[in-house]
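>>> Build me a model:
(chains A and B)
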Amino acid sequence: MEKTINFTLRVWRQKDAHSKGYFEDHQMEGISGDTSFLEMLDILNERLVKEHKEPIVFDHDCREGICGMCSLYVNGHPHGPEGGCTTCQLFMRKFEDGSTITVEPWRSAGFPVIKDLMVDRSAYDKIMQAGGYVSVNTGAAQDANAILIPKEVADEAMDAASCIGCGACVAACKNGSAMLFVAAKVSQLALLPQGKVEAARRAKAMVAKMEELGFGNCTNTGACAAECPKCVSLSNIARLNREFIKAKLAD
Amino acid sequence: MWLSSSTIGRKVVMSISGLFLILFLTFHVCMNIVALISAEGYNAVCGFLGANWYALVGTLVLAAGFFVHIIYAFWLTMQNRRARGSERYKVVDKPKSVEWASQNMLVLGIIVIGIACFHLYHFWYNMQLQEILGNETVNVAACAVGAGQSLANTSVHDGYAFIAATFSNPVVVVLYLVWFVALWFHLTHGFWSALHTLGWNNNIWFNRWKVIANVYATIVCLGFAVVAIAFYFKSL
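Next comes the predicted model:
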C-alpha cells in the first residue's frame, strides 16, 4: 500500500549572497512516500510557479547519487537523517506524517550562499586544481589483475575515490574544515603507484589551498565521516596528516 | 614555520604538547598513589621536587607546555569559528558516533585549567614557591575553598600534611572530583585525537586507540579520585 504524508516544509530563503536570509513555511499535502526529496521540492516549485511566486533555488544534477551536486541540510543532517545516501536518494517515506522538515543550505565560510539553498562550492574545484591529479599521462586503465597492488590497498584507494565532492563533510563539521575531502583526494592517489610519486607535493599544495580558502582546522570530531553520503573513512585524515608531516619533515 | 602557518602544523603542536601533558599526568598520578602507601615515601618525592635546579627547569618546561597548549587552543578555536561562517544552523542533530567531548574540548580545557589554579594555590603556593622565596616553614589558615584545618609551622617539604589538610575539606573534595570528570572527558578525546593528528592511525588502530584512550583516562582519573576520597575519609 502506498504511503502518503502531510508535513510542514520549513525552508531557508535568501535573495542573494549579501541579503539576510529567513525561513519560510510551506504546507505539503498528499506527498507520496515514493517521492524523492528533490522531487518533493519540484512539486513545491511547480506550485509556487503557478501561484506566480519565486521558486526555491537548489542544486541538483544526476539524481542518482554520483554527481555530488545536491546538497541540503535536512533536519540537522547534511543529505538528511537517513545516512549513507545523498539528498536525491532520500525518500519521503522516511519522514513522519505531520512533522516539520527543516531545510537549510550548507553553512560555512568556505561555501557562501548564492541564493536560497544553493551555495558556491567552487572552493573544492580550486583545491583539486592545486594538486588533486597525476601530472603525467598514465595511459588507459589496465586490467585490474595486471597492476600488482595488494587487494586491501586497492580497496582502500577505491573507497577514498568514492568521494563525490558534495561538501557534506564541511557542512557537518563544527569547524568548517574540508579535511575529509582533501584526505580522500590525497589518499586515492597516494595509495597507488601512479600517484605515490607526487604524494608529498600534492599534500602540501592541497592543504595550503584549503587553508587559503578559509576552511577550518580539523579537531577529529568525526562528524564528517558520520555524515558522508559515501561513508568515506576518518582514517583517510590520518593518512593525509602522515603524508603532510612527512613532506614537511623532509623539507 | 609550518608549525604555526599550516593547519596541520598547528594541530601537530596541539598533539605534541597534549601528549607531553599526558606524560606529566601519568607521573603525577603515580606520585599521588605513593601518598596512600607511605607518608615518608611521598615526602621524599616532595623533597626531590623542591626548589632544586632540575625541579625548577622541569616546572618551567611544564609551564611552557601548558602555555603552548592553551594559546593554540584559543587560536585554533577562533579560526574554526570564523570558518564556520556567520549563520548558524537552526536544527542541529549530532550523529551518534561523534563524542560529546570532541565538540567541547575548549570548555573542558577551561574547566580543567580553572580548577588547576585552585590546585596550585593549595599546594604549589605553599611548597615550591615558598622554598623559592627562602621560607622553610609556612602557616596555612583554614579556608572555605582551601585547607579544612589550619597548619602552623609546617615544613614546605611536608606534602603529606598539605594533602591531609586540603582533602579534609569536603568542598575541596567535590571541586576536585568535578575536575577529574572534566579531565576524563578531555583525555578520552585528546589521547586518540593526538595520535590521529600525528598520522599514527588507520582503520584497525582507530578503535584500538579509542579503547586505549578510554582505559588510560579512566585509570588516571580514578587514581586521582581515590587519593582525594581516601584522604577525606582519613580525616573523619
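>>> and the residue of the stretch 1-150 of chain A at minimum distance from chain B, how many neighbours?
Nearest residue of the stretch 1-150 of chain A to chain B, counting by Cβ to the nearest Cβ: residue A:76, 3.2 Å away. Bear in mind the C-beta positions are built from the backbone N, C-alpha and C, glycine included. Residue A:76 has 18 neighbours, counted by other Cβ atoms under 10 Å in any protein chain shown.
>>> Thought residue B:88 was touching it, still the case?
No - the pair residue A:76 / residue B:88 is not scored as a contact, 11.8 Å apart, by Cβ atoms under 8 Å.
>>> Just give the nearest non-adjacent residue to residue B:199, would you?
residue A:242 (2.9 Å; Cβ to Cβ, 6 or more residues apart in numbering or on different chains).
>>> Could you pull out the strands in chain B for me?
Assigned by DSSP state E, chain B shows strands spanning B:137-140, B:151-155.
>>> ok, now how distant is the residue sitting furthest away from the middle of chain B from residue A:226?
Distance from the centre of chain B peaks at residue B:90, with 35.4 Å (Cα atoms, centre = their mean). Applying Cβ to Cβ, to the nearest Å, the value for residue B:90 to residue A:226 is 20 Å.
>>> Tell me who's in contact with the nearest residue to residue B:142 once chain neighbours are set aside.
Distance criterion Cβ to Cβ, 6+ apart; nearest residue to residue B:142, sequence neighbours excluded, is residue B:150 at 4.5 Å. By Cβ atoms under 8 Å, 6 or more residues apart in numbering or on different chains, the contact list for residue B:150 reads B:139-142, B:165.
>>> redo that, cut-off 10 Å
Each residue near residue B:150 by Cβ atoms under 10 Å, 6 or more residues apart in numbering or on different chains is listed here: B:139-143, B:165.
>>> Mind checking what helix or strand follows the helix or strand residue A:154 falls within in sequence?
For residue A:154, the host element (DSSP states H and E) is helix A:151-161. Using DSSP H and E, the helix or strand that follows helix A:151-161 in sequence is helix A:168-172.
>>> Toward the C-terminus, what is the element adjacent to that next one?
Helix A:168-172 is succeeded, C-terminally, by helix A:179-190 (DSSP H and E).
>>> Show me what the very next helix or strand once past that next one is in contact with.
Helices and strands here follow DSSP H and E; after helix A:179-190, the next one along the chain is helix A:193-196. With contact meaning Cβ under 10 Å, 6+ apart, helix A:193-196 is reached by A:132-134, A:136, A:138-139, A:147-149, A:153, A:157, A:186-190, A:202, A:243.
>>> go with 8 Å
Applying Cβ under 8 Å, 6+ apart, the external contacts of helix A:193-196 come out as A:134, A:138, A:147, A:149, A:188-190, A:202.
>>> Am I right that residue A:248 falls within a helix?
Yes - Residue A:248: assigned to a helix according to DSSP: H, G, I helix; E, B strand; the rest coil.
>>> And the pLDDT at the residue lying closest to it once chain neighbours are set aside?
Spatial nearest neighbour of residue A:248, chain neighbours left out: residue B:2 (4.8 Å); criterion: Cβ to Cβ, 6+ apart. Looking at residue B:2, its pLDDT reads 92.
>>> surely residue B:2 meets residue B:10?
No - using Cβ under 8 Å, residue B:2 is not in contact with residue B:10, being 9.2 Å away.
>>> Can you report how many residues neighbour the closest residue to residue B:46 other than its chain neighbours?
Spatial nearest neighbour of residue B:46, excluding adjacent residues (Cβ to Cβ, 6+ apart): residue B:159 at 3.6 Å. By the measure other Cβ under 10 Å, the count of residues near residue B:159 is 24.
>>> Please list all residues in contact with residue B:159.
Going by Cβ under 8 Å, 6+ apart, the list of residues near residue B:159 reads B:35, B:42-43, B:45-46, B:123, B:127.
>>> Recalculate using a threshold of 10 Å.
B:31-32, B:34-35, B:39, B:42-47, B:49, B:123, B:126-127.
>>> give me every residue that touches residue B:191.
By Cβ under 10 Å, 6+ apart, the contact list for residue B:191 reads B:18-19, B:22, B:209-210, B:212-217, B:220.
>>> returning to that earlier point: now, among the contacts of residue B:150, which is nearest to residue B:83?
Minimum distance to residue B:83 across the contacts of residue B:150 is 44.2 Å, recorded for residue B:143 (Cβ to Cβ).
>>> Quick check: the closest one vs residue B:149, distance?
10 Å.
>>> again, but for residue B:189
38 Å.
>>> the more surrounded of these two?
residue B:189 (24 against 13).
>>> Isn't the more buried one up against residue B:182?
No - contact criterion Cβ atoms under 10 Å: residue B:189 and residue B:182 do not qualify, at 11.9 Å.
>>> quick one: common contacting residues for those two?
Joint contacts of residue B:189 and residue B:182 (Cβ under 10 Å, 6+ apart) are B:101, B:104, B:108.
>>> tell me the pLDDT at the second one?
What it means is residue B:104. pLDDT, residue B:104: 95.
>>> out of everything not next to it in sequence, what's closest to it?
That would be residue B:185: by Cβ to Cβ, 6+ apart, it lies 7.5 Å from residue B:104.
>>> how near is the one you found to chain A?
13 Å (Cβ to the nearest Cβ, to the nearest Å).
>>> burial count for that residue?
Neighbours around residue B:185, by other Cβ under 10 Å: 21.
>>> Same check on the one 3 residues further on?
Under the neighbour criterion other Cβ under 10 Å, residue B:188 is assigned a count of 23.
>>> related to what we said a few turns ago, most neighbours out of the contacts of residue B:159, which is it?
residue B:126 (26 neighbours).
>>> you'd agree that one is up against residue B:133?
No - in this structure, residue B:126 is not within contact of residue B:133 by Cβ under 10 Å, at 11.0 Å.
>>> what pLDDT does residue B:153 get?
88.
>>> For the lowest-mean-pLDDT helix or strand in chain A, buried residues please.
Taking mean pLDDT, DSSP states H and E as the measure, helix A:193-196 is the helix or strand of chain A with the lowest mean score, a mean of 90. Neighbour-count burial for helix A:193-196 flags residue A:195 (criterion: 16 or more other Cβ atoms under 10 Å in any protein chain shown).
>>> show me what contacts residue 88?
Just going to use chain A. A:36-39, A:60-67, A:69-70, A:72, A:79, A:229.
>>> wrong chain, I was asking about chain B
By Cβ under 10 Å, 6+ apart, residue B:88 lies in contact with A:104, A:107.
>>> And it, how close does it get to residue A:245?
Residue B:88 is 33 Å from residue A:245, by Cβ to Cβ.
>>> same check, this time on residue A:18
Look at residue A:18 and residue A:245: by Cβ to Cβ, they are 40 Å apart.
>>> Between these two, tell me which one has more neighbours.
For residue A:18 versus residue A:245, neighbours defined as other Cβ under 10 Å are more numerous around residue A:245 (20 against 8).
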